[in-house]
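Visitor: Kindly generate the corresponding structure for this input.
(one chain, ligands or ions: 1)
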Amino acid sequence: MKFFIDTADVAEIRALIDTGFVDGVTTNPTLIAKAGRRFEDVIADICALVPGPVSAEVAATSLEGMLTEGRALAKIAPNVVIKVPLTPAGLKACRTLTQEGTDVNVTLCFSAAQAILAAKAGATFVSPFVGRLDDVGETGMHLIHQLVDIFGNYSHLTTQILAASIRSPLHVVEAAIAGADVVTIPPKVLWQLYEHPLTDKGLATFLADWQKTGQALVPAKAGNQTNL
Ligand code: E4P
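Guide: I've put the predicted structure just below:
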């Protein structure tokens, strides 16, 4: 399962690059508004940092508007993926942009029926929003299971299931159990994946016990003696 980072904050992405876990990035208009910078500049900066797919969402709602914006955004860098909403116009834009060789992420997917349309329109990614379904009393992860089952019935389908609206480490684990191709994770949640109190406790004990041995694995350099 690939890890995309769900943010438009370049500093947050930069901090995560060193982990080796950043396969791509997703943004949306809300995240761009939070970043408080010019959209095209943010996308260019992210694409320079991350070689994987970087989703940039159109703001237009008409087919012509989406195509104009999508084509302009796609020129920013070869790894830009155009995000379009799951509407009739959005799916037409998806088909056209895909035929032109641009990767498309169909966003705001809340049902299996919608996802089937996105796949038939040739989407590279479809983004089911797990957390927002949970918010309205549904089990968002059920949709991921459904899509893995449905897409698995058709070996020629290349649309990747991108689990979005991820709110917790449990969502990440459940998306992996379901077999999502990609999960897009807010930076805070990615850092949480490392955490377990027993890891901290165990490490503290091991370090304390190691100190008691009086040993050093690497000969200490003069002026850099941390033990003994
Ligand atoms: C991803 O592409 C979406 O923009 C994002 O995951 C939405 O998450 P939210 O529901 O937490 O805003």
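Visitor: For the rest of this, base every contact and every neighbour count on C-alpha atoms.
Guide: Will do.
Visitor: Look through this structure and tell me its longest helix.
Guide: If you go by DSSP state H, the chain has its longest helix at helix 197-213.
Visitor: May I have that one as PDB, with CA atoms only?
Guide: Extracted C-alpha coordinates of helix 197-213, given in PDB (Å, rounded to 0.1, in the frame of the first residue of the first chain):
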ATOM      1  CA  PRO A 197       3.900   3.500  24.800                       C
ATOM      2  CA  LEU A 198       5.400   0.000  25.200                       C
ATOM      3  CA  THR A 199       8.100   1.000  22.700                       C
ATOM      4  CA  ASP A 200       9.000   4.100  24.700                       C
ATOM      5  CA  LYS A 201       8.900   2.100  28.000                       C
ATOM      6  CA  GLY A 202      10.900  -0.800  26.600                       C
ATOM      7  CA  LEU A 203      13.600   1.500  25.100                       C
ATOM      8  CA  ALA A 204      14.000   3.400  28.400                       C
ATOM      9  CA  THR A 205      14.500   0.100  30.200                       C
ATOM     10  CA  PHE A 206      17.000  -1.200  27.600                       C
ATOM     11  CA  LEU A 207      19.000   2.000  27.700                       C
ATOM     12  CA  ALA A 208      19.100   2.100  31.500                       C
ATOM     13  CA  ASP A 209      20.300  -1.600  31.600                       C
ATOM     14  CA  TRP A 210      22.800  -0.900  28.900                       C
ATOM     15  CA  GLN A 211      24.300   1.900  30.900                       C
ATOM     16  CA  LYS A 212      24.700  -0.500  33.800                       C
ATOM     17  CA  THR A 213      27.000  -2.800  31.700                       C
END
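Visitor: What average pLDDT does it get?
Guide: In this model, helix 197-213 carries a mean pLDDT of 98.
Visitor: residues in contact with the closest residue to the ligand within the chain?
Guide: Closest contact between the chain and the ligand, by Cα to the nearest ligand atom, is at S165 (3.4 Å). Contacts for S165 were tallied using Cα atoms under 8 Å, 6 or more residues apart in numbering; they are P128, F129, V130, G131, R132, T184, I185.
Visitor: Quick check: which ranges of this protein have low pLDDT?
Guide: 220-228 (pLDDT under 70).
Visitor: mind listing the strands in it by residue range?
Guide: 2-6, 24-26, 54-57, 80-85, 104-109, 125-128, 160-163, 182-185 (DSSP state E).
Visitor: Sweet, I'm off.
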